[in-house]
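K.L.:
pasting the structure only:
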C-alpha cells in the first residue's frame with residue numbers, strides 16, 4: 001500500500017476551493033448590481049448575498065482541506081454521477097417544456113436519491129414533491145420571487 005504524501009497540497013481540492021471563491025465573487029458582484037430591491041422583507045439580493053457567503057465558506061473549507069496532509073482521492077462513482085447528470089437534464093428539460101418548478105424539482109430529487117442508491121421511486125417522488133411544493137411556496141408567496149410556472153404551480 002502506498003502511503004499518502006505528508007507535505008504539499010492536494011491539487012483537485014485546491015482547484016475546487018479556488019473555483020468556489022470565483023463563483024462566490026461572481027455571485028456577490030451580481031447581488032451588488034441588482035436593481036430590484038424589496039420594499040419590505042427580504043429581496044432577491046439578500047438571497048444572492050447568502051449564497052455568495054455560503055460559497056466562500058465552502059471555499060475556505062476546501063483550502064484548509066487541500067493543505068491537510070494525507071488526503072487520498074477515492075475512485076469516482078460514475079454510475080451515481082450519471083444519475084445526478086440525468087436529474088439535472090430532467091430539471092432543465094421539464095422547465096423548458098413548461099412542466100414547472102415543482103415537477104422539475106421532484107424529478108431532480110428522485111434522480112439524486114437514485115444516485116445515492118435508493119430504489120423507492122414512489123416514496124422519493126412523494127418526498128421530492130412535498131419539498132418542491134414547500135420551496136415553491138417559500139419563494140413565490142413569502143419572498144414574492146417568480147419561479148417557472150406549470151400546471152401544479154397554478155393550483156397555488
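P.N.:
Perfect, thanks for sending it. Keep in mind it's a predicted model, so treat the numbers as computed, not measured.
K.L.:
Which parts of the protein are helices?
P.N.:
Along the chain, the stretches classed as helices by DSSP state H are 11-32, 44-66, 78-96, 101-115, 121-137.
K.L.:
what's the longest one in contact with?
P.N.:
In this structure, residues lying in contact with helix 44-66 by C-beta atoms under 8 Å, 6 or more residues apart in numbering are 9-11, 13-14, 16-18, 20-21, 23-25, 27-28, 30-32, 34, 36-38, 71, 143, 145. For the C-beta atoms, the positions are set from N, CA and C on the backbone; glycine is no exception.
K.L.:
for stretch 108-128, same thing?
P.N.:
79-84, 86-88, 90-91, 105-107, 131-132.
K.L.:
Highest mean neighbour count out of the helices of the chain?
P.N.:
Across the helices of the chain, averaging neighbours per residue (mean count of other C-beta atoms under 10 Å) puts helix 101-115 on top, at a mean of 22.
K.L.:
ok, now which ones touch residue 129?
P.N.:
Contacts here follow C-beta under 8 Å, 6+ apart; on that basis residue 129 touches 102, 106.
K.L.:
Just send the helices of the chain back as a markdown table, with distance to residue 156 and mean pLDDT too.
P.N.:
Compiled in a markdown table, those are given as follows (distance: least, C-beta to C-beta, whole Å; pLDDT from 0 to 100):
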| stretch | distance to residue 156 | mean pLDDT |
| --- | --- | --- |
| helix 11-32 | 27 | 92 |
| helix 44-66 | 20 | 90 |
| helix 78-96 | 17 | 93 |
| helix 101-115 | 9 | 95 |
| helix 121-137 | 6 | 95 |
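K.L.:
gap between the residue nearest to residue 147 when sequence neighbours are not counted and residue 78?
P.N.:
Spatially, and ignoring its direct neighbours in sequence, residue 147 is nearest to residue 101 (4.2 Å; C-beta to C-beta, 6 or more residues apart in numbering). Going from residue 101 to residue 78 by C-beta to C-beta, to the nearest Å gives 29 Å.
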